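*Asks:* Have a look at this prediction, sequence included:
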Amino acid sequence: MALEGADIIKAAAFLGAGLSMGLGAIGPGVGEGMVAAKACEAIGKNPREAGLLTRTMLVGQAVSESTGIYSLVIALLLLFVV
Amino acid sequence: MDTDVQTIIRGAAFLGAAMSMGLGAVGAAIGEGYTAAQANDAVSRKPEASGDILKNMLVGQAVAESAAIFALVIAILLLFLDVPVHNVLEGAALLAAGLCMGAGAVGSGIGSGFPGGQACQGISRQPSVMSRLTTNMLIGSAVCQTPAIFSMVVALMLIFMDFGSLPVGPTWAALIGAGLSTGLAAIGSGYGGGLAAGASCEGISRQPETVGNVTTVMLVGQAVAQTPSIFGLLVSFVLIFKAFPASSMLHAAIALLSAGLCMGFGGIGPGIGNGKAAEGAVRWVARNVAFSGDLMRIMLVGQAVSQSTAIYAMVVALVLIFVV
């Protein structure tokens, strides 16, 4: 197998893309689950505020999601741009 | 040259066996330890129920043990199986089988410990519902085992399928990627499913009359928590069954390995997160059963958001396989 510079760089970019998205997906997944668990707890305690609590949960999760989207952006940049 | 290939394959099989049993022992041991710790706590609170608690502990631990037994079976197969020697791909497949089963047993082993422990606590709290608790524990921990079973299926496919006619070029990476995808993604789903099952045993012991609602929400929550491991299985099947054109380029191979790593790691977080959401919902359905509809709805919305990063990981994995 003849290794050339361009080949190695491309391979590194692909490996980086997979690791970026794969590892980057762990944090938001766990964090958003914690938010949802606490939202369930809050609705269980105070069901009348279900609408407000759902909204708060979604806003919190959206912020937690951002790092996952950064990972996705970096993965796509590694795949298609650099 | 022929002996060289054989040496590599044997070496890969032994490494795979070590990975399978070494990683596979982690989860079950932690899960069983959790169950035993909760059982001790329960006995100290209600010594007169110690016989029932001990029995329940052993049944719960036996289910948690099964993940490690799968790993043992795969390890023994890898040690003693006589594989046909075609080319070095067999070695990649055997190593991947060991990695897949070893990683895949971690989450299920830990997860199955939670319902076992909570059922022991529940018996000390409410001895009259013991049979319901044991039944619920068994259902919950059986669902926790499914990711380990997915891993065993992929490992057995990697061991017994014949890859002799395929080009070594990118296929070695596809096989290792296939093992990593299902194996790693199973960690989160097994652990997450266990959280939901543990909360349901706790809930039934506190409010036995809610058993129907609690079990329903537990099963729905666990089903959603399994999806990341099903994504992992899907990517593995694509990597195993798609015929990749022969290529001596490094990047063609690394793209496939990376696809497996991406989906595998990407499945861990959403699996745990979905399980946490289900745990919260199940716990509060038991305490406030009148609002179980609202709780189920918010659980599903929360899980859907938590799932999104697993879907991103699957998209990137499929792009790595099909596009680049």
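*Replies:* Perfect, I can see it now. None of these values were measured; they are calculated from a predicted model.

*Asks:* Where does the residue nearest in space to the middle of chain A fall, secondary structure wise?
*Replies:* Centroid check for chain A by C-alpha atoms, centre = their mean gives A:G68 as the closest residue, at 2.1 Å. Using DSSP states H and E, A:G68 maps to helix A:50-80.

*Asks:* That helix and chain B, any residue contact?
*Replies:* Yes - part of helix A:50-80 sits near chain B under the criterion C-beta under 8 Å from any C-beta of the partner chain, namely A:50, A:53-54, A:57-58, A:61-62, A:65, A:68-69, A:71-72, A:75-76, A:79-80. All C-beta spots, glycine's among them, are computed from the backbone N, C-alpha and C.

*Asks:* For B:N87, which three-state class applies?
*Replies:* At B:N87 the chain is in coil, as set by DSSP: H, G, I helix; E, B strand; the rest coil.

*Asks:* mean confidence for stretch A:45-58?
*Replies:* Here stretch A:45-58 scores 91 as its mean pLDDT.

*Asks:* so what's residue 18 up against?
*Replies:* Chain wasn't specified; assuming chain A. Going by C-beta atoms under 8 Å, 6 or more residues apart in numbering or on different chains, A:G18 touches A:A75, B:L257, B:S258, B:A259, B:G260, B:L261, B:C262, B:V316, B:A317, B:L320.

*Asks:* actually it's chain B I care about, not the one you picked
*Replies:* Counting by C-beta under 8 Å, 6+ apart, B:A18 has contacts B:A75, B:G98.

*Asks:* gap between the helix or strand encompassing B:L77 and the chain center?
*Replies:* B:L77 is part of helix B:50-80, with elements assigned from DSSP H and E. Relative to the centre of its chain, helix B:50-80 is centred 14 Å away, using C-alpha atoms, centre = their mean, to the nearest Å.

*Asks:* got any ranges where the chain has weak pLDDT?
*Replies:* Using chain A here. A:1-3 (pLDDT under 70).

*Asks:* ah, I was thinking of chain B
*Replies:* Low-confidence segments of chain B (pLDDT under 70): B:1-3, B:84-85.

*Asks:* Would you map the helices across it?
*Replies:* With DSSP state H as the criterion, chain B has helices at B:2-45, B:50-80, B:89-125, B:130-160, B:168-206, B:211-241, B:250-287, B:292-322.

*Asks:* on that earlier part again, among the contacts of A:G18, which one is most surrounded by other residues?
*Replies:* Counting neighbours by other C-beta atoms under 10 Å in any protein chain shown, the top entry in the contacts of A:G18 is B:C262, with 37 neighbours.

*Asks:* close enough to count as contact, the residue nearest to the centre of chain A and A:G22?
*Replies:* No - using C-beta atoms under 8 Å as the test, A:G68 is too far from A:G22 to be in contact (11.1 Å).

*Asks:* Tell me the residues on the stretch 51-200 of chain B that lie near chain A, please.
*Replies:* Contact residues, the stretch 51-200 of chain B versus chain A (C-beta under 8 Å from any C-beta): B:G188, B:G192.

*Asks:* so B:L78 touches B:L94, yeah?
*Replies:* Yes - the criterion here is C-beta under 8 Å, and B:L78 meets it with B:L94 at 5.8 Å.

*Asks:* between the two, who's got more neighbours?
*Replies:* Between B:L78 and B:L94, B:L94 has the larger neighbour count (other C-beta under 10 Å), namely 29 against 26.

*Asks:* check contacts around the more buried one.
*Replies:* Listed by C-beta under 8 Å, 6+ apart, the contact partners of B:L94 are B:I9, B:A12, B:A13, B:G16, B:L78, B:V83, B:L158, B:I159.

*Asks:* Out of these, give me the two with the largest separation.
*Replies:* Across those, no pair lies farther apart than B:I9 and B:L158, at 12.9 Å, counting by C-beta to C-beta.

*Asks:* okay but A:G24 is in contact with B:P270, surely?
*Replies:* No - between A:G24 and B:P270 there is no contact under C-beta under 8 Å: 11.9 Å.

*Asks:* Which neighbours do these two have in common?
*Replies:* By C-beta under 8 Å, 6+ apart, the residues touching both A:G24 and B:P270 are B:T309.

*Asks:* Of the two, which one has the most company?
*Replies:* Higher neighbour count among A:G24 and B:P270: B:P270, with 37 against 27, using other C-beta under 10 Å.
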